[in-house]
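[1] sequence-free structure coming up:
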């Protein structure tokens, strides 16, 4: 708690009480259902609570707003944020029932009235699926994007210039060295893993070349003027929001 109060000295007595009880509840439930690494449970405030609350340092939530935590796992960052922002509504979602059971018990034990919980798998109309999101602050410098589809996962690391693609398909039975998993219906699925080549390019130079090529050959550029303007407006808005919260 001392570490928590160091970064959040303005917590109310009620919030301090809930954060103290938070660790007790997780230590108890983690013995029954493992939602936090055994080695991390004693460092809960440092490795989970503070990481979750780090979002509040760059993003302020307006009272009455509604926040969706997709892939909440054991309740992070949703539960710590719900304690910190009692006037904000949090909806915690996860596809794994046993994790949601722990979340339910912790929320009930803390008597959090601003949290609702759903055991569900989030799937979008275009076939993309969100089972979890990278929703906490990382202590490492990184710039990664992850894309989820029904039978594929794509990860791009812009700092390391690496990418990986994982696909799942029905097993045809003609590969003795195939990586296999079996779903709930007993159907065998084959896992395909690849590391596509990621070319190192100068994005600004590529845009300039494309623009020059469109003029010389009287063709439309890959990114239209309107799309470029929208991207610039969005970037300006993001910078303004960051500055407003600092």
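    Looks like it arrived, so ask away. Keep in mind that what you see is a predicted model, and the values were worked out from it rather than measured.

[2] can I see the domain layout of the protein?
    For the chain, automatic domain parsing gives the domain ranges 2-118, 140-194, 203-244.

[3] tabulate the ones you listed (CSV), appending mean pLDDT and mean neighbour count.
    All C-beta spots, glycine's among them, are computed from the backbone N, C-alpha and C. Formatted as CSV, the domains of the chain follow (pLDDT from 0 to 100; neighbours: other CB atoms under 10 Å):
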stretch, mean pLDDT, mean neighbour count
domain 2-118, 90, 17
domain 140-194, 78, 12
domain 203-244, 85, 11
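
[4] could you pull out the helices for the chain?
    2-7, 13-30, 44, 50-53, 78-84, 97-110, 203-216, 225-244 (DSSP state H).

[5] which one of the ones you listed lies closest to residue 60?
    Of all the helices of the chain, helix 225-244 sits nearest to residue 60, with 8.6 Å by CB to CB.

[6] that closest one to helix 203-216, inter-axis angle?
    On the basis of axes from the mean of the first three to the mean of the last three CA atoms, to 10 degrees, helix 225-244 is oriented at 150 degrees to helix 203-216.

[7] list the contacts of helix 225-244.
    58, 223 (CB atoms under 8 Å, 6 or more residues apart in numbering).

[8] ok, stretch 7-27 next?
    By CB under 8 Å, 6+ apart, the surrounding residues in contact with stretch 7-27 are 1, 4-5, 35-36, 41, 44-45, 49-50, 53, 74, 79-80, 83-84, 86, 105-106, 109-110, 112.

[9] good, we can wrap up now.
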